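J.: Using only what follows, build the 3D model:
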Amino acid sequence: MILRRITEHVKAQNWTAVALDFLIVVVGVFIGVQIGNWNASRQQHQIYEEAFDRTIVELQTNLESLESTRETVETSLPLVQQAIEDLRACRAGDEAHANVQAAFAPTGVLVSFALDTKALDQLINNDNFLPFQTPDTRKRLMALSTRLNTLQQKSMSMNERTAMTAKDVSHIVQPGPLVMEGPDQIVDALRQGVIGSPEMVRKSTLMAPLAQVCEDEALRNRFYAWEDEAYYHSVMAALAIERIRENLEAFGRPVKATGDVTEETQ
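T.: Prediction:
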């Protein structure tokens, strides 16, 4: 239609009409391009919002994991430290014997972090998301990624080092009788909040009197190594929890004291 009109106007040498026709074509193309760009930008922004929401959920999950680690340490650390004190003092008697045996359950599982940053790293590494991130938001996201990834790597390195340096204690500690009848009972116990460990299958039993056990360097070092890990993970978890909570609040997703997240938009 437009092309035919332009042709007719050219033949009639109506240059004003030709100019107007060309202007209409240019404006129409420009508007079409702008609408296309606007739709593409809106779709990309929606994709970003969905990615941001996944990151928030991931941060909330990491927060719960870190709080769980601290709770585990708070529950188990007194048991292990009591056993250490009994061994250091080379105490005898049923109470000291029970204290040492009680420390086998927590020390049978290395304290570690289970952090996930896939959604966070994708949010940072996708250049298409840059227009939707303020400098402050991007700075916070990158700082969180660095902190959480560093914590995970150091936790794994510490666990590997502890496992490699641990010495055999089978000469004084042996598996005892079955604690639970089968896997179903273990599942029920875990659901009730019992901390999982090899002790749920067979409880470790001292095979020597405490007077001999307290002189055993391998067992003492096993308890000391676990204590070091517990302190490190508890302190680092506390600092990470503060940072995550602070950033969730900055993102408009503050966490309540109960662990629930308020329903606010970014």
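
J.: Please look at residue 138 and residue 124 and confirm they touch.
T.: Yes - with contact defined as CB atoms under 8 Å, residue 138 counts as touching residue 124 (7.4 Å). Every C-beta, even on glycine, is put in place using the N, C-alpha and C of the backbone.

J.: Mind checking which of those two has more residues around it?
T.: Higher neighbour count among residue 138 and residue 124: residue 124, with 19 against 15, using other CB atoms under 10 Å.

J.: which regions of the stretch 101-250 of the chain sit below the pLDDT cut-off?
T.: Applying pLDDT under 70 to the stretch 101-250 of the chain picks out residues 194-197.

J.: Mind jotting down where the helices sit in it?
T.: Using DSSP state H, counting those that start in this stretch, the helices of the stretch 101-250 of the chain run over 104-107, 118-125, 135-165, 183-191, 210-213, 217-250.

J.: Could you single out the most deeply buried of the ones you listed?
T.: Highest mean neighbour count of these: helix 104-107, a mean of 23 (counted as mean count of other CB atoms under 10 Å).

J.: Against which helices or strands is that one packed?
T.: Applying 3 or more CB pairs under 8 Å, 6 or more residues apart in numbering; DSSP states H and E, one finds that helix 104-107 contacts helix 15-88, strand 202-206, helix 217-250.

J.: of the ones you listed, which approaches residue 159 most closely?
T.: Counting by CB to CB, residue 159 lies closest to helix 217-250 out of the helices and strands packed on helix 104-107; the figure is 7.4 Å.

J.: How far away from the center of its chain is that closest one?
T.: 14 Å (CA atoms, centre = their mean, to the nearest Å).

J.: Give me the residues contacting stretch 140-154.
T.: 55, 59, 62, 113, 115, 117, 120-121, 123-124, 133, 236, 240, 243-244, 247, 250-251 (CB atoms under 8 Å, 6 or more residues apart in numbering).

J.: ditto for stretch 192-209
T.: Applying CB under 8 Å, 6+ apart, the set of residues contacting stretch 192-209 from outside is 72, 75-76, 92, 97, 100-101, 104-106, 108-109, 171-180, 186, 189-190, 213, 216.

J.: Quick one: buried ones out of the residues you listed?
T.: Neighbour counting with 16 or more other CB atoms under 10 Å marks 72, 76, 97, 100-101, 104-106, 108, 172-173, 179, 186, 213, 216 as buried within the contacts of stretch 192-209.

J.: Of all pairs in the residues you listed, which one is the farthest apart?
T.: Maximum distance among the buried ones among the contacts of stretch 192-209 (CB to CB): 29.5 Å, for 186 and 216.

J.: what's near enough to touch the nearest residue to residue 238 once chain neighbours are set aside?
T.: Counting by CB to CB, 6 or more residues apart in numbering, residue 70 is the residue found nearest to residue 238 once chain neighbours are left out, at 6.4 Å. Residues near residue 70 by CB under 8 Å, 6+ apart: 234, 237-238, 241.

J.: Just the closest of these to residue 45, please.
T.: Of all the contacts of residue 70, residue 45 sits closest to residue 241, with 30.8 Å by CB to CB.

J.: Surely the closest one and residue 66 touch.
T.: Yes - counting by CB under 8 Å, residue 241 touches residue 66, with 5.2 Å between them.

J.: export stretch 108-126 as PDB, just CAs?
T.: This file holds the C-alpha atoms of stretch 108-126, laid out as PDB (Å, rounded to 0.1, in the frame of the first residue of the first chain):
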ATOM      1  CA  GLY A 108      32.300 -40.300  64.200                       C
ATOM      2  CA  VAL A 109      30.900 -37.600  61.800                       C
ATOM      3  CA  LEU A 110      33.100 -34.800  60.500                       C
ATOM      4  CA  VAL A 111      31.600 -31.300  61.000                       C
ATOM      5  CA  SER A 112      31.100 -29.800  57.500                       C
ATOM      6  CA  PHE A 113      29.200 -27.300  55.400                       C
ATOM      7  CA  ALA A 114      26.700 -28.300  52.700                       C
ATOM      8  CA  LEU A 115      26.300 -25.000  50.800                       C
ATOM      9  CA  ASP A 116      25.000 -24.500  47.300                       C
ATOM     10  CA  THR A 117      25.700 -21.500  45.100                       C
ATOM     11  CA  LYS A 118      24.600 -22.600  41.600                       C
ATOM     12  CA  ALA A 119      21.700 -20.100  41.400                       C
ATOM     13  CA  LEU A 120      23.800 -17.300  42.900                       C
ATOM     14  CA  ASP A 121      26.700 -17.900  40.500                       C
ATOM     15  CA  GLN A 122      24.400 -18.100  37.500                       C
ATOM     16  CA  LEU A 123      22.900 -14.700  38.500                       C
ATOM     17  CA  ILE A 124      26.300 -13.200  38.700                       C
ATOM     18  CA  ASN A 125      27.800 -14.700  35.500                       C
ATOM     19  CA  ASN A 126      24.900 -14.000  33.100                       C
END
